[in-house]
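[1] could you look at this predicted model? Sequence included:
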Amino acid sequence: MRKKLIAANWKMFKTPDETRDFFREFLPLVSDHERDEILVCPSFVNLPAAVEAAKGSNVAIGAQDMHWEKQGAFTGETSAGMLLAVGCTHVIVGHSERRQYFGETDDIVNFKLKAALEAGLTPIACVGEVLEEREAGLTEDVLRRQCLRAFHAISAKKAAKLVVAYEPVWAIGTGKTATPQLASDAHLLIRGEAAKAFGEEFAGQLRILYGGSVKPENAKALMAEAEIDGALVGGASLDPKSFAAIVKY
Ligand code: PEP
């Protein structure tokens, strides 16, 4: 039985004060929630405030990105060791907005995954097709390529903490959600790629989240799919009541 992970991706929203306000309202709403794991990923500057606010609670804190080197002359970047030092346990890697706006390639995603796993963080590796790829019938090819390259030269032992998020890019922030069936089919394909890379047993335990306009109104139907092991939530995670409603779907 795979325990679901419900994760918030706050993107470039909120200040430290707003982060504290969120947790003040959110934590009491989910304090008795044991069925799923809960994760919030704020921007770098909000990580200390989030870690402090969530201390002793059932909510883990993660980052939205990291660099793959341990340290060095990489202005503006943050390493896995730095994330661990401020109390992060998770990190999102290869989000489509990183790929689309910051030139993140499949190889970079692979470097970051290796570094995150090596450091002991739980990486959430994002994959997903853009609208043109889906319309051209290329979804399966794109997902296969992204998985193959992301998982390259990582052993099943090293990959133990890996989580994957299927995020069809046409569904992110657009209000268009994949149907539970469409998401489920993509998850099956991703699980198949994980089986090729890491073996059947590993693939059977791998958690694959769905992301793309998850809202309180559609979370239940998506989470009812056996293939969907949680959600990565953007816009609807910014409001404590709305994110709590998704957690409690
Ligand atoms: C995301 O940023 O990963 C995401 C899925 O965003 P939204 O829920 O707003 O579509």
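    Here it is on my side, so go on. Numbering: from 1, shown residues only.

[2] wait, isn't residue 220 in contact with residue 247?
    No. Contact criterion CB atoms under 8 Å: residue 220 and residue 247 do not qualify, at 11.7 Å. C-beta coordinates here come from the backbone N, C-alpha and C atoms, glycine included.

[3] enumerate the residues of this structure near the ligand.
    9, 11, 167, 172-173, 211-214, 232-236 (CB under 6 Å from any ligand atom).

[4] can you do 8 Å?
    By the rule CB under 8 Å from any ligand atom, the part of the chain lying against the ligand is 9, 11, 92, 95-97, 126, 165, 167, 171-174, 211-215, 232-237.

[5] which ones among those map onto helices?
    The helices, defined by DSSP state H, take in 96, 97 from the residues of the chain next to the ligand.

[6] okay, and residue 40 sits in which element?
    In the assignment (DSSP states H and E), residue 40 maps to strand 37-41.

[7] picking that back up, so between residue 220 and residue 247, which is more surrounded?
    residue 247 (27 against 13; other CB atoms under 10 Å).

[8] and for the residue in the chain positioned nearest to the ligand, the neighbour number?
    Closest approach between the chain and the ligand, counting by CB to the nearest ligand atom: residue 234, at 2.2 Å. Neighbour count for residue 234, taken as other CB under 10 Å: 20.

[9] surely it meets residue 174?
    No. Look at residue 234 against residue 174 with CB under 8 Å: they stay out of range, at 10.5 Å.

[10] have a look at this structure and report its longest helix.
    helix 180-198.

[11] buried residues in that helix?
    Residues of helix 180-198 classed as buried by neighbour count (16 or more other CB atoms under 10 Å): 180, 182-187, 189-194, 197-198.

[12] avg pLDDT for that helix?
    Per-region confidence: helix 180-198 scores 97 on mean pLDDT.

[13] counting contacts, what elements does it pack onto?
    Under the contact definition 3 or more CB pairs under 8 Å, 6 or more residues apart in numbering; DSSP states H and E, helix 180-198 sits against helix 139-150, strand 163-166, helix 200-205, strand 207-211, helix 219-223.

[14] switch the cut-off to 6 Å
    Applying 3 or more CB pairs under 6 Å, 6 or more residues apart in numbering; DSSP states H and E, one finds that helix 180-198 contacts helix 139-150, strand 163-166, helix 200-205, strand 207-211.
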